[in-house]
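Enquirer: what's the 3D shape of this:
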Amino acid sequence: MCNIDELISVIMPVHNARNFLSSSIESILRQTYTNFELILVDDGSTDGSHLIIEKYVKCDRRVRAIHSKNCGPNSARNLGLEISKGKYIAFMDADDISFPSRLRVQRDWIVNTKSDICGANVVIFGLTIPRIWRYPDTQDGVNTLLYFNSAMANPTFFARREVFSAVALELSRMSAEDYLFQVSCVAAGLKITNVPQILLAYRIHAMQISSAKRTEQLMNRNIVVREHWSNSGFEFPFNNIYSFKNKNEINALKQIAPRFCKTNSQKNIARSQIWKMAMRSKYYDGDITNDITIFGFNLIQRLTLFIVTRLNISIR
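Expert: Residues are numbered from 1 along each chain as shown. A predicted model of the protein is given here:
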């Protein structure tokens, strides 16, 4: 039996997640690390999710519930934080699946690396081609990636409780809160890393962010990037880093990015992000051979870049 001082509070916002909620809850209840509490925050569901929540509250003493009006996932997480008792805080989404070892592995990682926050790699499944999202496992790698995008899969968030005394969950920028929170944590001197293992299955489904919300998300993320660059002393010469206006902006990013990097690992992360952003841009008409030489792309990247530039495919 684990010491009560090592309790993990898992907070799961729930909003109209009836179709996937049971499997997500079960994935937490089946964790190999058993000293946890699961706090289910019903964020104004209207699809009967509350009935599933109450069923689990009755059958497992580790499960607690809060019912509130719909205010968004971070507001729901804050409600969960208010009643949580754990030394560590983990986030979980109501449509994903945590691997059985997730809590144990992340707790051990955060202790052994002396991190304040950690995430993990995830496998994507559902209405998509299955693939793996990998994130930097070092603090330097995370700090580099944050100049371009979020450096953690938010459903894998795991932190020491003290983190929330230093940085509050962001509520003002809907759809970019996770990214802004990570940037704020780094600015506060907190150490963020990622476990170099796949610990969660991230589900893609029809009820997720619509195309309109996706546009809003990218706009808000661009604001976070701009502010992060400015606060770090870098000029941000782009209108939107996620939608280049011309090739000159791509080239400008290539020139600026090395300033973020001190190690080869950081350079590789920057190169990968620039490549992805160039691929998204319909204006990309670069010299394939030259760009491959500069960034050391592997064979698969070369073939993909060739197809995209020839067929004018926009990858998102």
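Enquirer: what sits up against the one helix or strand Ala120 maps to?
Expert: Using DSSP states H and E, Ala120 sits in strand 117-126. Applying CB atoms under 8 Å, 6 or more residues apart in numbering, the external contacts of strand 117-126 come out as 102, 105-106, 109-110, 130-135, 151-160, 163, 182, 185, 190-205. C-beta here means a position set from N, CA and C on the backbone, and glycine is covered the same way.
Enquirer: hmm, try it at 7 Å
Expert: Residues from elsewhere that reach strand 117-126 (CB atoms under 7 Å, 6 or more residues apart in numbering): 106, 109-110, 130-135, 152-153, 156-159, 163, 185, 190, 192-205.
Enquirer: equivalent analysis for stretch 197-214, please.
Expert: 20, 95-99, 102, 105-106, 120-128, 132, 153, 155-156, 175, 217.
Enquirer: so His15 sits against Asp47, correct?
Expert: No - judged on CB atoms under 7 Å, His15 makes no contact with Asp47 at a distance of 8.9 Å.
Enquirer: who has more neighbours out of those two?
Expert: His15 (19 against 15; other CB atoms under 10 Å).
Enquirer: which residues does the helix or strand encompassing Leu51 contact?
Expert: When elements are assigned from DSSP H and E, Leu51 belongs to helix 49-59. For helix 49-59, the surrounding residues in contact (CB under 7 Å, 6+ apart) are 14, 16-18, 21-22, 25, 40, 42, 63-65, 67.
Enquirer: among the contacts of stretch 197-214, name the buried ones.
Expert: Taking 16 or more other CB atoms under 10 Å as the criterion, what is buried in the contacts of stretch 197-214 is 20, 95-99, 102, 105-106, 120-122, 125, 153, 155-156, 175, 217.
Enquirer: now, the residues you listed that are in helices?
Expert: Counting by DSSP state H, the part of these found in helices is Phe20, Arg102, Val105, Gln106, Gln217.
Enquirer: so the last one sits against Tyr179, correct?
Expert: I take that to be Gln217. No - using CB under 7 Å, Gln217 is not in contact with Tyr179, being 9.2 Å away.
Enquirer: where in the chain is the helix or strand with the lowest mean pLDDT?
Expert: Least confident helix or strand, the chain: helix 288-295 with a mean of 38, by mean pLDDT, DSSP states H and E.
Enquirer: before we move on, back to that, now the strand holding Ala120 - C-alpha only, PDB.
Expert: Extracted C-alpha coordinates of strand 117-126, given in PDB (Å, rounded to 0.1, in the frame of the first residue of the first chain):
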ATOM      1  CA  ILE A 117       5.600  18.900 -14.500                       C
ATOM      2  CA  CYS A 118       5.800  16.000 -17.000                       C
ATOM      3  CA  GLY A 119       3.800  14.700 -19.900                       C
ATOM      4  CA  ALA A 120       4.300  11.600 -22.100                       C
ATOM      5  CA  ASN A 121       4.100  10.400 -25.700                       C
ATOM      6  CA  VAL A 122       0.700   9.400 -27.000                       C
ATOM      7  CA  VAL A 123      -0.700   7.200 -29.700                       C
ATOM      8  CA  ILE A 124      -3.500   8.700 -31.900                       C
ATOM      9  CA  PHE A 125      -6.500   6.500 -32.700                       C
ATOM     10  CA  GLY A 126     -10.100   6.800 -33.900                       C
END
